[in-house]
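Asker: Need the 3D shape of this:
(2 chains)
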Amino acid sequence: SAVISQKPSRDICQRGTSLTIQCQVDSQVTMMFWYRQQPGQSLTLIATANQGSEATYESGFVIDKFPISRPNLTFSTLTVSNLSPEDSSIYLCSVDLGAGEQYFGPGTRLTVT
Amino acid sequence: GENVEQHPSTLSVQEGDSAVIKCTYSDSASNYFPWYKQELGKGPQLIIDIRSNVGEKKDQRIAVTLNKTAKHFSLHITETQPEDSAVYFCAASIRGSQGNLIFGKGTKLSVKP
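Answerer: Numbering: from 1, shown residues only, chains lettered A, B, ... in the order given. From the prediction side, this is the model:
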């Protein structure tokens, strides 16, 4: 497996602002992903973070709202822009170590007031 | 696209009893089926997985079975303990398809001492 950390672990933000979430892995990985988990719900894939190119977004998620950076093989950021209360969720990064298994970070709990 | 149904949504058992959670999937091309355990305030933890060339896999008190014909798979936990209490998610994907895991809605398992 891999050791995955996320910062911040939680935050409370005001409507209209943005939050950038960092994901750090202790080894180089090709594939990193960002998921959203709304309160009491399952996980939904936001995008695949590609190193050296633009992220690949799933249906219903757009780059203007969820810009993603992947500057190297151990780090990625997800920004949630123009926050509204509906963005209150847990945001999770995950990595695929190459065998198909995905391992998740501890998550970032975002509350928008 | 793939759709994963998970039942039951909640499950309460007495300590020492067995627990069974069932999932069905729609895409016959899916060939990888992981199970995750999510404790309160934590990210999902991969606990066991199965690939389509295997019918059953066991790891201590946890086992997973797969019926490709019926397109369903199940998680079995024997001799449950209070620390097994958590939300369990099943997922399905096509290995090699950029790792897009489709998750079920989760089962909240409560083990009463």
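Asker: and B:Pro113, how far is that from B:Gly16?
Answerer: Distance of B:Pro113 to B:Gly16, computed by CB to CB, to the nearest Å: 10 Å. Heads up, the C-betas are built off the backbone N, CA and C, glycines and all.
Asker: Repeat that for A:Asp96.
Answerer: Per CB to CB, A:Asp96 is found 36 Å from B:Gly16.
Asker: what about the residue most central in space within chain A, helix or strand, and which?
Answerer: In chain A, the residue lying closest to the centroid (CA atoms, centre = their mean) is A:Trp34, at 3.5 Å. Assigned by DSSP states H and E, A:Trp34 belongs to strand A:31-37.
Asker: Make sure the residue nearest to the centre of chain A is actually in contact with A:Thr77.
Answerer: No: taking CB atoms under 8 Å as the definition, A:Trp34 is not a contact partner of A:Thr77, at 9.4 Å.
Asker: which neighbours do those two share?
Answerer: Residues touching both A:Trp34 and A:Thr77 (CB atoms under 8 Å, 6 or more residues apart in numbering or on different chains) are A:Cys23, A:Ile68.
Asker: what's near enough to touch A:Cys93?
Answerer: A:Cys93 touches A:4, A:6, A:21, A:23, A:32-35, A:49, A:76, A:78, A:104-105, counting by CB under 8 Å, 6+ apart.
Asker: Specify the beta-bridge partners of the residue nearest to the centre of chain A.
Answerer: A:Ala47, A:Cys93 (DSSP bridges).
Asker: does the residue of chain A most remote from its centre count as helix, strand or coil?
Answerer: Distance from the centre of chain A peaks at A:Ala99, with 20.9 Å (CA atoms, centre = their mean). Secondary structure, DSSP: H, G, I helix; E, B strand; the rest coil: A:Ala99 is coil.
Asker: Need the pLDDT of it.
Answerer: Here the pLDDT value assigned to A:Ala99 is 72.
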